[in-house]
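Student: Sharing a sequence plus its predicted fold:
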Amino acid sequence: MEDQKTSLGAATASPLREPLLPPGKRVDCTVDDDLEAHLPPYRAATGASFSNTCLNLTNAVSGIGVLSMPYAVSQGGWLSLALFAVVGAVCYYTGTLIERCMRADTSVATYPDVGRLAFGAAGQRTVAAFMYVELYLVAISFLVLEGDNLDKLFPGASVELFGCYQLHGKQLFIVLAGAVILPTTWLRNLGMLAYVSALGLVASAALTASLVWAGVSEPAFRGRNGNVINLAGLPTSLGLYFVCFTGHAVFPTIYSSMKNNRRFSQVLLFSSVLCSLNYGITAVLGYLIYGDDVQSQVTLNLPSGRLYTKVAIVMTLVNPLAKYALLVAPITSAVEERFSLAGSGPARVAIGTTVLVSTVAMASVVPFFGYLMSFIGSFLSVMATVLFPCLCYLKIYKAQGIRRAEVAAIVGILLLGAFVAVTGTYTSLLDIIGTF
């Protein structure tokens, strides 16, 4: 009983009162070893294995952004793929910064906790606000994607409800997708979600294979040169590239769920490389086949009635179904904690259902998938994947000392993030307003 009380007190203590380093240990910050290597690991008594975490993290990073990759290249030109590589490297590095921040205090379990450790209550509220809005909008974009593609697969479908209201087209399929997704939002164990994640990864690989199939089967589609560089479209391209690597908001949740989170950086590297390869192949194939005519979702370019089109759309639909629950998990957990409902099964079902119903309602009125994704990437994803990790890391480890080369690199990343946030947000908002 005494051990349980001690454990409970440690879990609820403010991280600002905890030492960043174990008592009695002095670290020479002039050596080449990473400072955080001297920090104690956090080990969960039970949790996801290494392989399950690889599935969860890869599924969190690899998502519907792959559909917009050819469109992103069409906006920025072939040379913008060099910026894609830069964005991937930056997002991997900032992911490791989040890990280091969490290792500074074992009571840190969520992304807002990282903000609290660095900047107190104000930091916690700010990070939480941006994180939850980003995850909520991405969840909406999942449902928009489902509606658009199912409407292409089954044009003209409609259902009459209660004899007075008719659901048809995109709205009908958004509602149906929500009904299929609903049970996954009730799962609490991320280890169980790993099996759903595996399905999503298979779907991503099958989508890329379908594009290869399209290029081979339709010779008329091949050989489009496209633009080498389009400066006016680079802000949009950068925003969409950042969407491809969004997922930092759920990194702490996945990190905390591991049995041995010392291996998180290995999982992150594996996931980043695998997703980058899939994104790059899809971008090159899609732009080569369709050129500047490529749409914001490359699946909408595929000719109707072809087998590979049906395969691509079905695989596209599987990915959001597999990933939705993983992304909304931090939102539902935050609501549970806010109202002291953690551990209550009925409460989790009610909260998960409420979140899903609200996203279904919002998705039914959002007509611009590409512009929404660009806005998410330019503003919200840049904040969560670039600015917050860098600022929190600098604040937490400032007292212990950070190598000058690393400080210079972080400052450069912050400048890049600020540029993308300002220019990309401005461009995407103009595009969204222009649709009305």
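Tutor: Thanks, I have the structure now.

Student: L317 reaches D148, doesn't it?
Tutor: No. Judged on CB atoms under 8 Å, L317 makes no contact with D148 at a distance of 10.2 Å. For glycine as for every other residue, the C-beta is placed from the backbone atoms N, C-alpha and C.

Student: how about low-confidence regions in the stretch 51-200 of the chain?
Tutor: 63-64, 162-164, 188-198, 200 (pLDDT under 70).

Student: Residues touching stretch 113-131, excluding its own?
Tutor: 15-16, 98, 101-102, 104-105, 107-108, 111-112, 249, 252, 330, 334, 380, 383-384, 388, 391-393, 395-396 (CB atoms under 8 Å, 6 or more residues apart in numbering).

Student: Please indicate which of those are buried?
Tutor: Buried members of those, scored by 16 or more other CB atoms under 10 Å, are 15, 98, 101-102, 104-105, 107-108, 111-112, 249, 252, 330, 334, 380, 383-384, 388, 391-393, 396.

Student: which residue ranges form the strands in the stretch 101-250 of the chain?
Tutor: For the stretch 101-250 of the chain, strands defined by DSSP state E, counting those that start in this stretch occupy the ranges 158-161, 165-168.

Student: So which of those is nearest G412?
Tutor: Nearest to G412 among the strands of the stretch 101-250 of the chain is strand 165-168; the distance by CB to CB comes to 50.0 Å.

Student: what about the closest one, distance to the chain center?
Tutor: From the chain centre to the centre of strand 165-168 is a distance of 32 Å (CA atoms, centre = their mean, to the nearest Å).

Student: Over to stretch 344-364?
Tutor: Relative to the chain's own centre, stretch 344-364 is displaced by 19 Å; criterion: CA atoms, centre = their mean.

Student: pretty sure H248 is touching P389, no?
Tutor: Yes. Between H248 and P389 a contact is recorded at 6.6 Å, counting by CB under 8 Å.

Student: between those two, which one's more packed in?
Tutor: Using other CB atoms under 10 Å, the more surrounded residue of H248 and P389 is P389, with 29 against 24.

Student: quick one: contacts for the more buried one?
Tutor: By CB under 8 Å, 6+ apart, the contact set of P389 is T94, G95, L97, I98, C101, H248.

Student: let's see 7 Å
Tutor: Contact analysis of P389 by CB atoms under 7 Å, 6 or more residues apart in numbering lists T94, L97, I98, H248.

Student: buried ones in the helix or strand hosting the second one?
Tutor: With the criterion set as DSSP states H and E, the secondary-structure element containing L97 is helix 80-103. When neighbours are counted by 16+ other CB under 10 Å, the buried residues of helix 80-103 are found to be 80-81, 83-84, 87-88, 90-103.

Student: related to what we said a few turns ago, how about the contacts of P389 in a markdown table, adding distance to A405?
Tutor: Shown next, in a markdown table, are these (distance: CB to CB, whole Å):
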| residue | distance to A405 |
| --- | --- |
| T94 | 16 |
| L97 | 15 |
| I98 | 20 |
| H248 | 23 |
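
Student: among those residues, which two are most distant?
Tutor: Farthest pair in those, by CB to CB: L97 and H248, 9.5 Å.

Student: Counting by contacts, list what the helix holding L97 packs against.
Tutor: If contacts are counted by 3 or more CB pairs under 7 Å, 6 or more residues apart in numbering; DSSP states H and E, helix 80-103 sits against helix 111-153, helix 234-244, helix 251-256, helix 264-290, helix 388-397.

Student: L211: which of those helices is closest?
Tutor: L211 lies closest to helix 264-290 among the helices and strands packed on helix 80-103, at 4.5 Å (CB to CB).

Student: so the helix or strand following the closest one versus helix 111-153, what angle?
Tutor: The C-terminal neighbour of helix 264-290 among helices and strands, as given by DSSP H and E, is helix 307-338. Per axes from the mean of the first three to the mean of the last three CA atoms, to 10 degrees, the angle that helix 307-338 makes with helix 111-153 is 150 degrees.

Student: could you give me the average pLDDT of helix 307-338?
Tutor: For helix 307-338, mean pLDDT is 78.

Student: Could you do stretch 397-409 as well?
Tutor: 89.

Student: cool, stretch 256-275 as well?
Tutor: pLDDT averaged over stretch 256-275 gives 86.

Student: The residue nearest to S237 when sequence neighbours are not counted: neighbour count?
Tutor: Ranked by CB to CB, 6 or more residues apart in numbering and with sequence neighbours excluded, the top spatial neighbour of S237 is G76, at 3.2 Å. G76 has 25 neighbours, counted by other CB under 10 Å.

Student: again, but for A214
Tutor: 25.

Student: so how far is S333 from it?
Tutor: Distance of A214 to S333, computed by CB to CB, to the nearest Å: 40 Å.

Student: S62 now?
Tutor: 23 Å.

Student: With A421 instead?
Tutor: 27 Å.

Student: again, but for F154
Tutor: Counting by CB to CB, the separation of F154 from S333 is 35 Å.

Student: follow-up on the earlier one: out of the contacts of P389, who's nearest I174?
Tutor: For the contacts of P389, the nearest to I174 is H248 (26.9 Å; CB to CB).

Student: That closest one and S49: what is the separation?
Tutor: Relative to S49, and taking CB to CB, H248 is found at 22 Å.

Student: for K398, same thing?
Tutor: According to CB to CB, K398 and S49 sit 35 Å apart.
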